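fold the following for me, if possible:
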Amino acid sequence: MAEGLSRRGHDVHVVTYHLGEDPPDATFEIHRIARIPTYSKTSAGPSYQKLAVLDPLLAFELRRLLRVHRFDVIHAHHFEGLLVADLARSKRAPPIVFDAHTLLESELPYYGLGLPRGVKRALGRRLDRWFPGRAEHVIAVTDDIRSRLIESGAAAAESVSVIPNGVESDVFAAPRPPRLRNGQPRRLIFTGNLAPYQGIDFMLDAFRVLRQQRDDVRLTIATEDSFTPYEQTAIDMGIRSFIDVHEVDFSRVPELLGEAEIALNPRVDCDGLPQKLLNYMAAGRPVVSFAGSAKHLTDGRHGTVVEDRDVEGFARAIDDLLSDSAWAHGLGTAGRTMVRNELSWEATAARVEALYHRVV
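From the prediction side, this is the model:
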């Protein structure tokens, strides 16, 4: 998003945490908070230290920049971005555009925080209703999010626009039909974090079922997270020796996707748009996905959509694609064409730019 907007001639500043490295060819300015030695968590989700220490530091840094620069808009990414923007701005600060990628009612229960699941869901529901009103306008990445925000009274219909995420299509090589060799395993892939909401348990169970039907498949998991929480489950299922876990950052994901035949999206509860799904499609990989997170994925056109939590159906869909490589390749090619034509970051940046002109 930042690159897309800067390429359109805008002066973009990104205020973020101390973690990570600045891209060497960035076309926008990056401002990081001071390094916090006691915080190195890069996995998804909130923590008490993040809320009590890191987010206030972000707010201080944003407030400093607001005194130095004359910004036209604050683009707040996700709920923590909105919290930071709201804490930092003064009465004369520019309008806030809140970029809502999910709803807390559905996501917050999956994180620890030492609270019962029901309490976290109720807290998330309350925050979903109160928080968006702190912004002048809301970008919802899906129609589902927009509808729920309007129905709950969190935002007026005219204050919520749907603009989906984009994808960096150019980093993914054009797909080629798989060359199958005797003795070579058929490779499946999952990429992304291993947070509980991702449905990793469902995926492992489906892989177990698939291994009972055919012994030529392996599963690649490309993630920055540790697989430790799932090690014993995979061992108990008898599938651990057929899983290759690569703890890598995004730079290795295109290569690993290029080595796989089918990409897996086992998440069942998702109001937003899983970025991995767009990456899969940009890489030209046919996707097997549960229905709850199959945004922009048309069953039988870009992949296969399976009823939520139907592990047997998930395994069967993978087997069907492996059994017809030409069909699978056609689905992947169609998905790649769709995201390149409709969901590039350039197209997303143009839509966001038009929204800014309406808000400012």
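
in the helix or strand that contains Thr233, what counts as buried?
Per DSSP states H and E: Thr233 is located in helix 228-237. For helix 228-237, a neighbour-count test (16 or more other C-beta atoms under 10 Å) marks Tyr230, Ala234, Met237 as buried. From N, CA and C alone the C-beta is placed, and that goes for glycine too.

angle of the helix or strand that it is followed by against helix 228-237?
Downstream of helix 228-237, the first helix or strand assigned by DSSP H and E is strand 243-247. On the basis of axes from the mean of the first three to the mean of the last three C-alpha atoms, to 10 degrees, strand 243-247 is oriented at 170 degrees to helix 228-237.

what's the spacing between strand 243-247 and its chain's center?
In terms of C-alpha atoms, centre = their mean, to the nearest Å, the centre of strand 243-247 is found 20 Å from the chain centre.

residues touching it, excluding its own?
Outside strand 243-247, the residues that touch it by C-beta atoms under 8 Å, 6 or more residues apart in numbering are 207, 218-227, 234, 252, 256.

most neighbours, which of these?
Phe207 (26 neighbours; other C-beta atoms under 10 Å).

what helix or strand is that one located in?
Under the criterion of DSSP H and E, Phe207 resides in helix 200-213.

may I see the buried residues of that helix?
Neighbour count says helix 200-213 has Ile200, Phe202, Met203, Leu204, Asp205, Ala206, Phe207, Arg208, Val209, Leu210, Arg211 buried, by 16+ other C-beta under 10 Å.

report the buried residues of the longest helix along the chain.
The helix that spans the most residues within the chain, counting by DSSP state H, is helix 325-342. By neighbour count on 16+ other C-beta under 10 Å, the buried set for helix 325-342 is Ser325, Ala328, His329, Leu331, Gly332, Thr333, Ala334, Gly335, Arg336, Met338, Val339, Arg340.

distance of Gln49 from Ala206?
35 Å (C-beta to C-beta, to the nearest Å).

my bad, Arg8
On the measure of C-beta to C-beta, Arg8 and Ala206 end up 42 Å apart.

ok, Asp25 next?
Taking C-beta to C-beta as the measure, Asp25 falls 40 Å from Ala206.

quick one on the thing from earlier: how about the contacts of strand 243-247 in a markdown table, adding pLDDT, secondary structure and distance to Val288?
Shown next, in a markdown table, are the contacts of strand 243-247 (pLDDT from 0 to 100; DSSP: H, G, I helix; E, B strand; the rest coil; distance: C-beta to C-beta, whole Å):
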| residue | pLDDT | secondary structure | distance to Val288 |
| --- | --- | --- | --- |
| Phe207 | 98 | helix | 11 |
| Arg218 | 97 | strand | 15 |
| Leu219 | 98 | strand | 12 |
| Thr220 | 97 | strand | 14 |
| Ile221 | 97 | strand | 15 |
| Ala222 | 96 | strand | 16 |
| Thr223 | 94 | strand | 18 |
| Glu224 | 90 | coil | 23 |
| Asp225 | 90 | coil | 21 |
| Ser226 | 92 | coil | 25 |
| Phe227 | 95 | coil | 21 |
| Ala234 | 97 | helix | 19 |
| Arg252 | 90 | helix | 22 |
| Leu256 | 94 | helix | 17 |
